[in-house]
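Engineer: coordinates for the following, if possible.
(chains A and B)
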Amino acid sequence: MRAKTSAIWLYAVVPAAQRGAPAGLTGVAGEPVRLITGERLSVLVGDVPLSDFDHDPLRDHLEDLRWLEEAARAHHRVIDAAARSSDVVPLRFATLYHDEAAVRAVLSERLEDFTSALQRIAGRTEWGVKAYVDPDMLAAPADEPESDQNTPGTAYLRRRRAQRQGQRDARQRAAQRAEEIHTALADLAVGALQHPPQDARLAAYRGWMILNGSYLVDDERAQEFAAAVDSCDQRFPEVRLELSGPWPAYSFTTEDRERQGEQS
Amino acid sequence: MTQPAWSGTSRNIGASREVARTEPANLADILERVLDKGIVIVGDIRINLLDIELLTIKIRLIVASVDRAREMGIDWWEHDPALSSGQHDVLEENRRLRQRIDELQAGQHAHPDGEIESGSAGQEEHREHQEHQKSQEHQKKKLERSSHEHHQDGSP
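Structural biologist: Numbers count the residues shown, from 1 in each chain, chains lettered A, B, ... in the order given. Got it, this is the predicted structure:
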């Protein structure tokens, strides 16, 4: 028997009612995406060469941010395309099996997890909302006493202190705004969480990112949610809000069990 | 590739799925989702994303925001599985070092004149800080250097 030359990369779990993968869709290795169908669930997969995706070469590739970017975009592209026509449970990047039997086995082993995740996200969509402030606009107007007759050294230190205090105040106000916005948006959502603020080099923004939230919103409330984002944008002139999405429900398919596990 | 987000008025938001569907704006949006979210199942080829240098990259990417985030009362990294294990210590250490250096610097500025910033460091602590200063600054530089290197590597 010939040695295997490919592995199976998993993208997303979909209800078994889903017929076939979206036509023309290619994955992380440029491979055509196909569907492995199970009894109740199916999974979108691609056959990827072991020369790039076996443990060691994959590990090497993952160290390469450029390779990672392309693969991450491809992984997302497949899931996103599937999400247009079906509920999908996205699987973590770099989930790989040697053969279909193992894939089918995990589909039935984890049936409950996948099914409950599908139920959780059915008819709902993840939206991303980021909020930025221009720190200068948050800074309180300087009210230094100009009549200060002290030595230059003391005046300097006073100025420094005022600056630092101003920064602290600005941050506090920023955090408060972020909380207000997050609360207002979470009220309209069935799930809400905050991602880390993004690095400015990767995300190319200026100012402070004070909020990087994901919200799972019922599709019939999508309009209302977008309006709420707009309204926060107008209510707080120093804050700029940015809505992204619709996203496949990446942020809301992780089992609660796992989340709780992180605390310990 | 991506536009600076700080470019005036916010994007007009179409609320329906069809209208709003655009190519996601930036790599960070995608990475934070595909690497950190989505259901985890243990495959045959087991790459622990937490083990590899990638995560060090990730830590470098976010480390610049850590001080800021903590001051703002955001403590997500305490709950981030990627950071809550061994790597967490690196972050924590980095944060602590930066904070101590800041305190130290504040202390140095303040002491000549007395009253101002008196809350920052007592005399004993101040001496202790001085002892540690060199190694701290060295380490800080090292951290900055490595994050700079990454920046160059990572630029598209």
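Engineer: isn't B:I41 right next to A:V89, touching?
Structural biologist: No - judged on CB atoms under 8 Å, B:I41 makes no contact with A:V89 at a distance of 10.5 Å. Quick note: C-beta positions are derived from backbone N, CA and C, even for glycine.
Engineer: neighbour count: these two, which is higher?
Structural biologist: Neighbour totals were compared for B:I41 and A:V89, and A:V89 leads with 28 against 19 (other CB atoms under 10 Å in any protein chain shown).
Engineer: could I get the pLDDT score of that one?
Structural biologist: At A:V89, the model reports a pLDDT of 95.
Engineer: could you check how far it is from chain B?
Structural biologist: 6 Å (CB to the nearest CB, to the nearest Å).
Engineer: hey, what's that residue bridged with?
Structural biologist: Per DSSP bridges, residues listed as beta-bridge partners of A:V89: A:V13.
Engineer: now do the contacts for it.
Structural biologist: Residues in contact with A:V89 (CB atoms under 8 Å, 6 or more residues apart in numbering or on different chains) are A:A12, A:V13, A:V14, A:F114, A:A117, A:L118, A:I121, A:A249, A:T253, B:G38, B:I39.
Engineer: now the spatially closest residue to the first one that is not a sequence neighbour: phi and psi?
Structural biologist: Nearest residue to A:A12, sequence neighbours excluded (CB to CB, 6 or more residues apart in numbering or on different chains): A:V88, at 4.3 Å. Summarising the backbone geometry of A:V88 under the convention degrees, to the nearest 10, its torsions are phi -130, psi 150.
Engineer: how many other residues sit next to A:V88?
Structural biologist: When neighbours are counted by other CB under 10 Å, A:V88 registers 28.
Engineer: surely it and A:H76 touch.
Structural biologist: No - using CB under 8 Å as the test, A:V88 is too far from A:H76 to be in contact (11.5 Å).
Engineer: shouldn't A:A102 be in contact with B:I41?
Structural biologist: No - counting by CB under 8 Å, A:A102 does not reach B:I41; the two are 10.4 Å apart.
Engineer: picking up where we left off before, overlap in contacts, A:V88 and A:H76.
Structural biologist: Common contacts of A:V88 and A:H76 (CB under 8 Å, 6+ apart): A:P248.
Engineer: determine the longest helix present in chain A.
Structural biologist: helix A:152-186 (DSSP state H).
Engineer: what is the mean pLDDT for it?
Structural biologist: For helix A:152-186, the per-residue pLDDT averages 88.
Engineer: check which residues of it are buried.
Structural biologist: Within helix A:152-186, the residues scored as buried using 16 or more other CB atoms under 10 Å in any protein chain shown are A:154, A:157-158, A:166, A:170-171, A:173-175, A:177-178, A:180-182, A:185-186.
Engineer: over to stretch A:95-113?
Structural biologist: Judged by neighbour count (16+ other CB under 10 Å), stretch A:95-113 contains these buried residues: A:T95, A:L96, A:Y97, A:H98, A:V103, A:R104, A:V106, A:L107, A:R110, A:D113.
Engineer: and the residue nearest to A:A12, how close does it get to A:A228?
Structural biologist: Applying CB to CB, to the nearest Å, the value for A:V88 to A:A228 is 26 Å.
Engineer: nearest residue to A:I121 other than its sequence neighbours?
Structural biologist: The nearest residue in space to A:I121 (CB to CB, 6+ apart) is A:A249, at 4.0 Å.
Engineer: what about the one you found, how many neighbours?
Structural biologist: By other CB under 10 Å, the residues close to A:A249 number 29.
Engineer: from A:V45, how far out is it?
Structural biologist: Distance, A:A249 to A:V45, using CB to CB: 20 Å.
Engineer: filter the buried residues of stretch A:95-113 by proximity to chain B?
Structural biologist: By CB under 8 Å from any CB of the partner chain, the members of those lying near chain B are A:T95, A:L96, A:Y97, A:H98, A:V106, A:R110, A:D113.
Engineer: avg pLDDT for stretch A:30-46?
Structural biologist: Rounded mean pLDDT across stretch A:30-46 is 93.
Engineer: picking that back up, so which of the ones next to chain B among the buried residues of stretch A:95-113 belong to helices?
Structural biologist: Going by DSSP H, the helices hold A:V106, A:D113 from these.
Engineer: farthest pair within the ones next to chain B among the buried residues of stretch A:95-113?
Structural biologist: Using CB to CB, the two most remote members of those are A:H98 and A:D113, lying 21.7 Å apart.
Engineer: where does chain B have low pLDDT?
Structural biologist: Counting by pLDDT under 70, chain B has low-confidence residues at B:1-25, B:49-93, B:107-156.
Engineer: rerun that using 50 as the cut-off
Structural biologist: Residues of chain B meeting the criterion pLDDT under 50: B:1-24, B:56, B:59-60, B:62-88, B:111-132, B:134, B:142, B:146-156.
Engineer: out of the buried residues of helix A:152-186, who's nearest A:P135?
Structural biologist: Out of the buried residues of helix A:152-186, the member with the shortest distance to A:P135 (by CB to CB) is A:A170, at 5.5 Å.
Engineer: report the contact partners of the closest residue to B:G38 other than its chain neighbours.
Structural biologist: Excluding the flanking residues, the one nearest B:G38 by CB to CB, 6+ apart is A:P90, at 4.0 Å. Going by CB under 8 Å, 6+ apart, A:P90 touches A:Y11, A:A12, A:I79, A:P248, A:A249, A:Y250, A:T253, B:R33, B:V34, B:K37, B:G38, B:I39.
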